[in-house]
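1. model the following, please.
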Amino acid sequence: MSSNSISRFEELDAGRALGDLSLEEVEEWETLSQEGAMDQTIDFDLLATELELNHTEDCALSSSLATRLEDTIPVFSGTVKANQSSTGQIISIIPWLGWAAAACLVVFFNLPTGDGIQNISAELTQAKTELSNKEKTIMELESAKQELAKLNEKLNSELSIESGKIDALSTQIATLTEKLPLIQKFESLIQNEQETQRLEFASASDPYKGLSGEVIWNDEKQEGYMSLENLAVNDPTKNQYQLWIVDPERDELPVDGGVFDITLKDGKSIIPIRNALAINKPVAFVITLEQSGGVVKSKQEVVVALAKS
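-> Okay, here's the model as predicted:
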């Protein structure tokens, strides 16, 4: 290869190492390199690396790597000059020098600048603010959850109370519905005043002094009813109220008029008379408190009320 070709190749090779070749010059460099010019030239890649290292500031290398580079670069420069003058060729530099320089440049160019640091600081501040807002939101949600639990407990309690009231009202309605025919019969029997006997009940002992009511009886129909108010509710498993009908024309002993229970604390109770025997001319009606199921003959230990003509 001619000296002109070698000189041209060296010129192009230097430009290539600096990244300063046009497309046409790159093609020319490739052609000359294939002709063998590269064997006679200086390794401009290595020289460019040395120049880059000598003029790069604040390269963040480790202390051991920096020491090795400082020890190697002067030796490399002297070796290049000595061998170039004697043989016209370059002895290749140690293999890792280019990689070290590249690593140095990557670290240098990736270090945050003043604007980058401000951006990072701003992002960190924003992240802290978002975290604080999320923590505040979580606390608010926890508080709302606790309030909701309290409200739910209160609503359940009120619902239970109202449910109890509804049940009681339903029972009362069912009772009144059941007694409606009795009320109608009671009213119908009263309307027949000529045939129906009507007597007022009065309390017969202090525990029942608040009691009030009346009894109606029709001899012809052998039908009668009691209307009672403020009579204490009884426990049917322990005792029951029992009606006795006094009819002297029939018998000296009172006739059993049937046992009954009071289920409503307040309100009027209509009780049908269930006489076991026919009644002719009753002169009195007596209510006693007996054992559950009633008795055949009362000892009159607890006399509740009395109605007499």
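2. tell me the domain boundaries of this protein?
-> By the assignment in automatic domain parsing, the chain contains the domains 3-110, 127-191, 196-308.
3. which residues does the helix or strand harbouring residue 30 contact?
-> According to DSSP states H and E, residue 30 maps onto helix 23-34. Residues outside helix 23-34 that contact it (CB atoms under 8 Å, 6 or more residues apart in numbering) are 1, 5, 8, 9, 12, 13, 15, 16, 21, 38. In this view, the C-beta of every residue, glycine as well, is placed from N, C-alpha and C.
4. please repeat the previous calculation with a cut-off of 6 Å.
-> With contact meaning CB atoms under 6 Å, 6 or more residues apart in numbering, helix 23-34 is reached by 9, 12, 16.
5. who's in contact with the last one?
-> In this case it means residue 16. Taking CB under 6 Å, 6+ apart as the test, what residue 16 contacts is residue 29.
6. where do the strands sit along this structure?
-> For the chain, the strands defined by DSSP state E occupy 196-203, 212-218, 223-229, 239-246, 255-260, 268-272, 284-291, 303-308.
7. need those strands in TSV (columns: mean pLDDT).
-> Output for the strands of the chain, formatted as TSV (pLDDT from 0 to 100):
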stretch	mean pLDDT
strand 196-203	94
strand 212-218	95
strand 223-229	95
strand 239-246	97
strand 255-260	96
strand 268-272	91
strand 284-291	97
strand 303-308	96
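8. got these as a markdown table, with mean neighbour count and distance to residue 131 columns?
-> As requested, those are exported to a markdown table (neighbours: other CB atoms under 10 Å; distance: least, CB to CB, whole Å):
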| stretch | mean neighbour count | distance to residue 131 |
| --- | --- | --- |
| strand 196-203 | 17 | 79 |
| strand 212-218 | 20 | 77 |
| strand 223-229 | 21 | 73 |
| strand 239-246 | 22 | 74 |
| strand 255-260 | 20 | 76 |
| strand 268-272 | 19 | 72 |
| strand 284-291 | 20 | 77 |
| strand 303-308 | 19 | 79 |
